[in-house]
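got a structure for you, letters missing:
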């Protein structure tokens, strides 16, 4: 259910982005490897589902917009949540959503 909500949010965000802008979805990397892998899988599956939704909408003649994804690990733009972690930078897995310049018309 959460994946469906995330994929819908990605779809709506990508369709509404002004030309030349990108959006990002990210998850924190700290934690047990199995949890991190699960969160990354969740993001990737939601992006794939959103991509399919965009293709389906385009086939129906509805507003849609294809997009590319770039995945990377990087330091977060946000301050660390907890100073007790001992780390001054929070590492995140970021998925950049890069929409095509022109919206698909059908």
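Sure thing, it's come through. Since this is a predicted model, take the numbers as computed values, not measurements. Residues are numbered from 1 along each chain as shown.

drop to CA atoms for contacts and neighbour counts, all remaining ones
OK.

buried sites along the host helix or strand of residue 38?
Element membership for residue 38, per DSSP states H and E: helix 33-59. Within helix 33-59, the residues that count as buried by 16 or more other Cα atoms under 10 Å are 36, 39-40, 42-47, 49-51, 53-55, 57-58.

do the same with stretch 18-28
Buried residues in stretch 18-28, counting neighbours by 16+ other Cα under 10 Å, are found at 22, 25-28.

which of these fall within strands?
25-28 (DSSP state E).

ok, those vs residue 98, which is closest?
The closest of those to residue 98 turns out to be residue 25 (Cα to Cα; 11.4 Å).

that closest one contacts residue 76, correct?
No. At 11.5 Å, residue 25 does not count as touching residue 76 under the criterion of Cα atoms under 8 Å.

residue 4 belongs to a helix, doesn't it?
Yes. Judged by DSSP: H, G, I helix; E, B strand; the rest coil, residue 4 forms part of a helix.

disregarding flanking residues, what is the spatial nearest neighbour of it?
Leaving aside its sequence neighbours, residue 4 sits nearest to residue 46 (Cα to Cα, 6 or more residues apart in numbering; 6.9 Å).

in contact with that neighbour, which residues?
Residue 46 makes contacts with 3-4, 6-7, 10, as judged by Cα atoms under 8 Å, 6 or more residues apart in numbering.

nothing else from me, thank you.
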